[in-house]
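# everything below, folded, please.
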Amino acid sequence: MTATAFNVRPAGSRQLAGTGTLLRFALRRDRVMIPVWVAVNTLMILSMPNTLENLYATPAERADLIRSTATNASFRALIGPVFDDSIGALTAWRVGVYAGALAAVLSMLLVVRHTRDEEESGRQELVASGMVGRRASLTAALLTAAVANAVLALLVTAGLSGQGTTGALAFGLGLAGVGMVFATLAAIVAQFTESARLARGLTAGLVGAAFVLRAAGDSASDDGSSALTWVSPLGWLENLRAFAGERWWVLLLFAGAALVQGAVAYELAGRRDVGMSFLPARPGPALGRLGTAGALAWRLQRGSVLGWSIGFFLAGVVYGGLTDGVADLVGDNENAREIFERMGGQSGLTDAFLASMVGMLGLIAALYVVASVLRLHGEETAGRAEPVLANAVGRLRWAAGHLVVAFGGSVLIMLLAGLGFAVGYGKEVGPILGACLVQLPAIWVVGGLAVLLYGVLPRAAMGAWGVAGAVLLIGWVGPALDAPRVVLDLSPFGHLPKLPGGGMEWGAVLVLTGLAVLLVAGGLAGLRRRDVST
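Numbers count the residues shown, from 1 in each chain. The predicted structure is shown next:
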């Protein structure tokens, strides 16, 4: 065979051979994660119209809200500008940025999981040895993200059609557009790194950058016209102006960005070998010592801890800075005041707002614990755990290293959130730090459930994301819908004292801490008895 034969490029149809089979396999693998993420996002969106109708029942109240938002740069940075006083427009304003961010994160996770994750684990090389085209895996990953975003768009369009079919369609397509922009962006990032963990971290950083750019632009302008807003895909979503004189041409930005980035990803994928990347990992030796399992766990997860720490500190600063303006935004609206009191207690509007925001950060911190605990599952399924355990390292010591990072890291990020609140608010440092730390037992319960699933039922370990999603949904949407107490009590966060301002309830805190200990112990006992995946 001559050298020229190696340069012959296969036909386009051959490069996509096996895409359908890989797509069905990907959808089967994600049959839990996709429905949970889409359901959480959809329910968050569809809960808003009824809530907003109760909060702002009259045109005068909605007009006051628009005036308050137009003069409050901090709230525009957090949520965005309001373009109309209809319930549909207020819904798009209230949840648009966060729903778009959730769609972006889901798309990023799906694409990285079915591209770089598969190559890093070695499974992609086995698949590629069969009748599978060179670009079939990337195509299947992007189609999986497209299916998830299409389902989200259909559900949102159908659910909001009562507020106006045209606006509902625009909002649904905008959310799907944000998801696909970040899906194709993740496909490019996956070509430049050999590590799936690094690929996820870089794309998550890009989502964060998009949020920051939009926030900076919206704080400077009350109509979304800032150049910084237009740089961010999340800014495109708000400038689509669903339910407020839709700008349909903005959808072309989503389509154009997705097509260009997808073409770049396809070109890059065709120029490298399976398992390799354009930015190869730096060869050893590693700097410093890795003499213990705990040191190895810290080396693997320190980037994640750093990212979450910075994010929580900055979130605390932002929320703390909003505290003094919350009274002006709520004004005399008793319904808005009642929602803050249901979320944060009845000790005064300022304390209720602080308690509700601290509680929201606690809910998000539960996602960090789940991700950190499931790093054990990733190390095992990728085959990296077995060489470690083949040495003089027991299973419990290996797992303990990651669990210390997971549970200890939650303490760190909540402490930094409290410090951020203190910086932004400028007073009540002690009570705010106490309010942040009191969230830890509930966070640890969610982490303990993740440990139990991983240790006893490793194939169901990813179900921990479903638990975290359900807890987030109950904590976020439940108070706004005035859900029954029995529903709110399903979440461990529903049993925590409402601090600052409320009374300390040591009984609930101790019970939740003990439950978390039992769950972790059960998971470690299961890990000790079962076989380790190879």
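# check E238 and give its pLDDT.
Looking at E238, its pLDDT stands at 92.
# contacts only, for it.
Applying CB atoms under 8 Å, 6 or more residues apart in numbering, we find E238 in contact with 80-81, 92-93, 96-97, 214, 218, 224, 229. Every C-beta, even on glycine, is put in place using the N, C-alpha and C of the backbone.
# give me the lowest-pLDDT entry from those.
Of all of the contacts of E238, G224 carries the lowest confidence score, 80.
# tell me the SS of that one?
Following DSSP: H, G, I helix; E, B strand; the rest coil, we place G224 in the coil state.
# also F312?
Relying on three-state DSSP, one would call F312 helix.
# what count of nearby residues applies to it?
25 (other CB atoms under 10 Å).
# give me the low-pLDDT residue ranges for this protein?
Across the chain, the ranges flagged by pLDDT under 70 are 1-13, 74, 121-122, 124-130, 132-133, 272-291, 324-349, 479-483, 533-534.
# let's see stretch 396-413 as CSV, backbone CA atoms only.
Extracted in CSV, the C-alpha atoms of stretch 396-413 (Å, rounded to 0.1, in the frame of the first residue of the first chain):
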residue,chain,number,x,y,z
LEU,A,396,-12.2,3.4,52.1
ARG,A,397,-9.0,5.5,52.2
TRP,A,398,-9.3,6.1,48.4
ALA,A,399,-12.9,7.2,48.7
ALA,A,400,-12.2,9.2,51.9
GLY,A,401,-9.8,11.5,49.9
HIS,A,402,-12.5,12.5,47.5
LEU,A,403,-15.2,12.8,50.2
VAL,A,404,-13.0,15.1,52.2
VAL,A,405,-12.7,17.4,49.2
ALA,A,406,-16.5,17.1,48.5
PHE,A,407,-17.8,17.8,52.0
GLY,A,408,-14.9,20.0,53.2
GLY,A,409,-15.2,22.0,49.9
SER,A,410,-18.9,22.7,50.7
VAL,A,411,-17.8,24.2,54.0
LEU,A,412,-15.3,26.4,52.1
ILE,A,413,-17.6,27.7,49.4
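# distance of V509 from K498?
According to CB to CB, to the nearest Å, V509 and K498 sit 13 Å apart.
# so which of the two has more stuff around it?
Just comparing V509 and K498: by other CB under 10 Å the higher neighbour count belongs to K498, 24 against 18.
# so F243, which state does it fall into?
coil.
# what's the answer for the one 5 residues further on, then?
Using three-state DSSP, the three-state assignment for W248 comes out as coil.
# that one is in contact with A170, isn't it?
Yes: between W248 and A170 there is a contact under CB atoms under 8 Å: 7.1 Å.
# and the two? Which one has more around it.
A count of neighbours by other CB under 10 Å puts A170 above the other of W248 and A170, at 26 against 12.
# wait, L234 sits on L102?
No: taking CB under 8 Å as the definition, L234 is not a contact partner of L102, at 11.2 Å.
# among those two, which residue is more densely surrounded?
Of the pair L234 and L102, L234 is the one with more neighbours under other CB under 10 Å, namely 30 against 25.
# got the contact list for the more buried one?
Per CB under 8 Å, 6+ apart, neighbours of L234: 97, 100-101, 104, 178, 210-211, 214.
# now with 6 Å, please.
With contact taken as CB atoms under 6 Å, 6 or more residues apart in numbering, L234 is in contact with 97, 100, 210, 214.
# hmm, which of these are the buried ones?
97, 100, 210, 214 (16 or more other CB atoms under 10 Å).
# export these to JSON lines and tack on distance to N54?
Listed next are the buried ones among the contacts of L234 as JSON lines, based on distance: CB to CB, whole Å:
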{"residue": "V97", "distance to N54": "22"}
{"residue": "G100", "distance to N54": "25"}
{"residue": "A210", "distance to N54": "32"}
{"residue": "R214", "distance to N54": "28"}
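# which of those fall in helices?
97, 100, 210, 214 (DSSP state H).
# doesn't G80 make contact with the first one?
Yes: using CB atoms under 6 Å as the test, V97 is close enough to G80 to be in contact (5.5 Å).
# got any residues that touch both of those two?
Counting by CB under 6 Å, 6+ apart, nothing touches both V97 and G80.
# quick one: the nearest residue to A460 once chain neighbours are set aside and Q439, what's the gap?
Nearest non-adjacent residue to A460, counting by CB to CB, 6 or more residues apart in numbering: L453, 5.4 Å away. Relative to Q439, L453 is positioned 22 Å away (CB to CB).
# same question, L472
Distance from L472 to Q439, by CB to CB: 13 Å.
# kindly report the same for R24.
41 Å.
# go on, G270?
48 Å.
# of these two, which one has the most company?
Q439 (25 against 14).
# helix or strand for the closest residue in space to the more buried one that isn't next to it in sequence, which one?
Closest residue to Q439 apart from its sequence neighbours, by CB to CB, 6+ apart: G362 at 3.2 Å. Following DSSP states H and E, one finds G362 within helix 349-373.
# centre of the chain to that helix, how far?
In terms of CA atoms, centre = their mean, to the nearest Å, the centre of helix 349-373 is found 13 Å from the chain centre.
# which element follows that helix toward the C-terminus?
helix 375-381.
# and that next one, what does it pack onto?
Packing contacts for helix 375-381, counted by 3 or more CB pairs under 6 Å, 6 or more residues apart in numbering; DSSP states H and E, involve helix 395-425.
# identify each buried residue in the helix it packs on, please.
For helix 395-425, using 16+ other CB under 10 Å, the buried residues are 395, 398-407, 409-410, 413-422, 424-425.
# now do the phi/psi pair for S195.
Main-chain torsions, S195, degrees, to the nearest 10: phi -110, psi 130.
# same question for L240.
Torsion angles, degrees, to the nearest 10, at L240: phi -60, psi -30.
# how far away is it from D117?
32 Å.
# same check on L155?
27 Å.
# and for L416?
Applying CB to CB to L416 and D117 gives a distance of 29 Å.
# now do W398
Taking CB to CB, one finds W398 at 21 Å from D117.
# what do you get for F243?
For F243 relative to D117 (CB to CB), the value is 38 Å.
# check R241 too.
Taken as CB to CB, the span from R241 to D117 is 37 Å.
# and W444, by the same measure?
28 Å.
# do R528 as well
Counting by CB to CB - R528 and D117 are separated by 27 Å.
# and these two? Which one has more around it.
D117 (23 against 12).
# quick one: the helix or strand hosting that one to chain centroid distance?
Using DSSP H and E, D117 maps to helix 116-121. Its chain's C-alpha centre and that of helix 116-121 lie 21 Å apart, by CA atoms, centre = their mean.
# what's the answer for stretch 499-509, then?
With CA atoms, centre = their mean, you get 28 Å for stretch 499-509.
# include distance to V358 when you put the contacts of E238 into CSV, please.
Listed next are those as CSV, based on distance: CB to CB, whole Å:
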residue, distance to V358
G80, 23
P81, 26
A92, 27
W93, 24
G96, 24
V97, 21
R214, 24
D218, 24
G224, 30
T229, 29
